[in-house]
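Trainee: give me a model of this one.
(one chain, ligands or ions: 1)
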Amino acid sequence: MAQRILVADELASEGLQALKASGMEFDEKIGLTVEQLAAEVGNYDALIVRSKAKVPAKVLANPGKLRIIARAGVGVDTIDLDAATSKGILVINTAAASTLSTAEHALALMFALARKIPAGHAHVSAGPAKWEKAKYQGTQLAGKTLGVVGLGRIGQTVASRALAMEMKVIGYDPYFSGQSALDGKVLLFRDFDQFLAQCDVITFHVPGGEGTKHLINRERLFGGKVKPNLLVINDARGEVVDEFALADALREKKIAGAAIDVFVKEPPAQDHPLFKLDNVVLTPHLGAQTDEAQTAVSVDACTAIIAYLKSGEIRGAVNAGGIKLDLPPDEAPLMGLAQRIGMLLNGVNEGGIKQITLRASGTRAPKHMNTLLRLAAVELLRPHLTDPVNVINVEHVARERNIELVQIHEPEPPQGLVGDIVGVRVVSAAGESHRILGTVYADGLPRVLRIDGFAMDMVPEGTMVVVLNKDQPGVIGTVGTMFGDAKVNIADMVISREVQKDGTAHALMLIKTDSNPGEDLVKRLKASPGIVRVKHVELPKRA
Ligand code: MLT
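Mentor: Here you go, the predicted structure:
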C-alpha cells in the first residue's frame, strides 16, 4: 500500500516539491483542530507540522499507521514526546536549518534594543516636526558582556558573531562539558547567578520546558542579582522568562530593556504586561521567519520523511535514543542477526523477562550496540505484549515493565569465536538465563553459533522448532518419525550436545521445517520420553 503523508501546517513549496518528486502521496490539511487531527493521523504514515498544528497526547491516542512526525523547525514543545515515544512514533526536527536566521534575529533584537531602533523609527515616521535625538540615545555593544544561555548550535552562532563585534562573551549551559566554548573564547559558568551578575546583555537559546522555566524571575530581577543596565533578549521560548516579573522590573527600571520574540501564550493576550512599555522591543516569533530558513526547514523535514519511509534512515531524531537503521551494506545484516537472535531466544526462554543484555565484539557490531539491543529486545518482547512495540518505544516499554536493557562492548570475541560476534542474553524473573551468540559471514547471512552451551553453525530462518532433550539413544529417531507421521518435512537440522558438570548430557536440536508443525505435533513431542522442552518459532525467510 502506498505510504501517505499528512502536511498539517503551511510549508515552503520547495519541500512539497520534494514530496511530489518522491512519488509519495501527501495531503495538505491546514488548520485542523486537535480533534480533527486526532481523527486523521491514523490514516497516514507520516505527519509534518510547523508551529500551528499541535500534537498533544490526545492526537496520538489512536495513531493507526502513523510512524513518524517531523517538526519543520527546532522546538518540539508542540508535540507530546512521551506520548509519541510510548506509541512507537519517531519524532524528528530540522535543528540545523534555521540556526543562522534565528541567531541573526537574536542579534537584530540586541541591536534594535541597544540603539532604540523601533522607537527612533516610530518617532521619525510620526512626522518631521520633532527631531529629539537625545531621547533615543543608546548603548554601544562593543566592550559589553554578552551572556549566552544555551551553547547549542544557535547559541554558538550568536556567540561567534558577538565576539566579532568585540563583545566579551560568557556562557551558561549545564549540558556543555568543559570550562569554555569556541576555542576558549567563551568562558562557561556553572552557577547561573554568578553568570547573570556579569551580563550587560543576556540572550537565551534553550529549548524551554521545566528545566529552563523562569531563569529570569522576580527574585533575580528584584534581588540585586542583575546589573541595572541589563538588556534581556528572549528568542527561545516564552516560559524561560517570567513575563510579569520582567514587565515590573522594566517599569521600575531595575533593568534597562528587553527584546522578546517568544511568549508563553502566542499570540499574547490583549493586556499582556509587556505591551506599552517604552524600553521593550517585541516581535511575533520571527526567529526562523526568513525565506532561507523557511525553505530549509520545509526541505529538510520533507526529505527526512522521505528518507525514513523509503529506507529507514533516521535524520534529526528527537526520541530515537541515537539509533541508526540505515547501516552501510557490510553492517546492515547485523540488524537482521539481532532480530533473529531475539526471535530464536523466545524458542529457548520460558517465563517472564527481567533483563536483556547485548554483548558485541569485533569492529562493526560494537558501533551499533544501541540499535542491535533495541532490535533484539523488540523481538523478545513482542510475543508477550498486546500493544505494538518497536525500536522507538522499546526502552519505554521495557522501563514500564521493569525490564532492564543492558549493552556491553566486549574487547574480544568469546573463546573459540572470531569476528563480529553479537550475543544476547535473556534472564527471566525466576532467574533462568539463556544466551545466543551469532555472527554474519562474508555472504551477508546471519549465523547462530551458540545457544547456551550448545555449539552450532546455522542460518536462523523460516519455521524452526527448538527441541531440548536428554542425550540418550532413540530420541533423534523418535523426533524424526513424529515429524514424518505429522507430514511435516524437515528441511534442515543441527544437533549439538552439552555435557553437564554432573556428567549428564543434553542435546539441542534446531530443526527447520517446510511447514508449520502445528500445536498437536509440538504437544506430542513434549510428551515424548527424553524430551525436556519443545518450542516452535517463526523467523523471516531468507531474503
Ligand atoms: C523553532 O522552534 O523552530 C522556532 O522557534 C521557530 C518557529 O517555531 O517558528
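Trainee: list the contacts of the residue minimising distance to the centre of the chain.
Mentor: The residue lying closest to the centre of the chain (Cα atoms, centre = their mean) is residue 319, at 2.0 Å. Residues near residue 319 by Cβ atoms under 8 Å, 6 or more residues apart in numbering: 81, 84, 85, 90, 91, 392. Using the backbone N, CA and C atoms, a C-beta is placed for each residue, glycine as well.
Trainee: ok, now residue 257?
Mentor: With contact set as Cβ under 8 Å, 6+ apart, residue 257 has these partners: 113, 114, 231, 232, 250, 279, 280, 281.
Trainee: distance of the closest residue to the first one other than its chain neighbours from residue 201?
Mentor: Same thing as residue 113. Ranked by Cβ to Cβ, 6 or more residues apart in numbering and with sequence neighbours excluded, the top spatial neighbour of residue 113 is residue 259, at 4.2 Å. Distance of residue 259 to residue 201, computed by Cβ to Cβ, to the nearest Å: 9 Å.
Trainee: what is in contact with these two at once?
Mentor: 110, 231, 232, 233.
Trainee: would you convert those residues into JSON lines that also reports neighbour count, distance to residue 472 and secondary structure?
Mentor: As requested, the shared contacts of residue 259 and residue 201 are exported to JSON lines (neighbours: other Cβ atoms under 10 Å; distance: Cβ to Cβ, whole Å; DSSP: H, G, I helix; E, B strand; the rest coil):
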{"residue": "110", "neighbour count": "26", "distance to residue 472": "84", "secondary structure": "helix"}
{"residue": "231", "neighbour count": "25", "distance to residue 472": "86", "secondary structure": "strand"}
{"residue": "232", "neighbour count": "27", "distance to residue 472": "82", "secondary structure": "strand"}
{"residue": "233", "neighbour count": "31", "distance to residue 472": "80", "secondary structure": "strand"}
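Trainee: farthest pair within these?
Mentor: Across the shared contacts of residue 259 and residue 201, no pair lies farther apart than 110 and 232, at 10.1 Å, counting by Cβ to Cβ.
Trainee: which residues are in contact with each of the two?
Mentor: When contacts are counted by Cβ under 8 Å, 6+ apart, residue 110 and residue 232 have 201, 259 as shared neighbours.
Trainee: how close does residue 451 sit to residue 29?
Mentor: Following Cβ to Cβ, the distance that separates residue 451 from residue 29 is 51 Å.
Trainee: more neighbours: these two, which one.
Mentor: Shown here are residue 451 and residue 29; by other Cβ atoms under 10 Å, residue 451 has more neighbours (27 against 15).
Trainee: beta partners for the closest residue to the more buried one other than its chain neighbours?
Mentor: Among residues not flanking residue 451 along the chain, residue 436 sits closest, at 5.2 Å (Cβ to Cβ, 6+ apart). Judged by DSSP bridges, the bridge partners of residue 436 are residue 424, residue 451.
Trainee: sorry, back to before: which of the contacts of residue 257 fall in strands?
Mentor: Using DSSP state E, the subset of the contacts of residue 257 located in strands is 231, 232, 280, 281.
Trainee: which of these lies closest to residue 49?
Mentor: residue 281 (28.5 Å).
Trainee: what does the residue in the stretch 101-250 of the chain positioned nearest to the ligand show for phi and psi?
Mentor: Across the stretch 101-250 of the chain, the shortest distance to the ligand (Cβ to the nearest ligand atom) belongs to residue 102, at 6.4 Å. Main-chain torsions, residue 102, degrees, to the nearest 10: phi -70, psi -40.
Trainee: for burial, what's the neighbour tally of the residue nearest to it when sequence neighbours are not counted?
Mentor: The spatial neighbour of residue 102 that comes closest, neighbours along the chain excluded (Cβ to Cβ, 6+ apart), is residue 287 at 4.0 Å. Residues contacting residue 287 under the criterion other Cβ under 10 Å number 25.
Trainee: ok, now how distant is residue 287 from residue 98?
Mentor: Separation of residue 287 from residue 98 (Cβ to Cβ): 7 Å.
Trainee: over to residue 413?
Mentor: From residue 413 across to residue 98, the span is 46 Å (Cβ to Cβ).
Trainee: ok, back up a step: can you pull the contacts of the residue nearest to residue 113?
Mentor: Contact analysis of residue 259 by Cβ under 8 Å, 6+ apart lists 109, 110, 112, 113, 231, 232, 233, 234, 280, 281, 282, 283.
Trainee: wait, the fourth one sits on residue 281?
Mentor: Yes. Taking contacts as Cβ atoms under 8 Å, residue 113 lies within contact range of residue 281: 4.9 Å.
Trainee: in three-state terms, label the residue in the stretch 351-500 of the chain positioned nearest to the ligand for me.
Mentor: Relative to the ligand, the nearest point of the stretch 351-500 of the chain is residue 392 (21.5 Å; Cβ to the nearest ligand atom). Of the three states, residue 392 takes coil under DSSP: H, G, I helix; E, B strand; the rest coil.
Trainee: so how many other residues sit close to the spatially closest residue to it that is not a sequence neighbour?
Mentor: Counting by Cβ to Cβ, 6+ apart, residue 392 lies nearest to residue 88, which is 4.7 Å off, once chain neighbours are set aside. Neighbour count for residue 88, taken as other Cβ under 10 Å: 21.
Trainee: what sits against residue 88?
Mentor: Counting by Cβ under 8 Å, 6+ apart, residue 88 makes contact with 67, 388, 389, 390, 391, 392, 393.
Trainee: repeat for residue 341
Mentor: Contacts of residue 341 (Cβ under 8 Å, 6+ apart): 376, 422, 424, 436, 438, 446, 448, 460.
Trainee: list the contacts for the residue of the stretch 151-300 of the chain found nearest the ligand?
Mentor: Among the residues of the stretch 151-300 of the chain, residue 288 lies nearest to the ligand; the distance is 3.7 Å by Cβ to the nearest ligand atom. By Cβ under 8 Å, 6+ apart, the contact list for residue 288 reads 73, 74, 98, 101, 102, 105, 294, 297.
Trainee: now do residue 364
Mentor: The contact partners of residue 364, by Cβ under 8 Å, 6+ apart, come to 330, 331, 334, 420.
Trainee: element containing the closest residue to the ligand within the stretch 1-150 of the chain?
Mentor: Relative to the ligand, the nearest point of the stretch 1-150 of the chain is residue 73 (2.7 Å; Cβ to the nearest ligand atom). In this structure, residue 73 sits in neither a helix nor a strand according to DSSP states H and E.
Trainee: so the protein: which segments form each domain?
Mentor: Taking automatic domain parsing as the reference, the chain has its domains at 4-97+292-311, 99-282, 327-457, 461-543.
Trainee: dump these to TSV, plus mean pLDDT.
Mentor: What follows is the domains of the chain, written out as TSV (pLDDT from 0 to 100):
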stretch	mean pLDDT
domain 4-97+292-311	97
domain 99-282	96
domain 327-457	95
domain 461-543	94
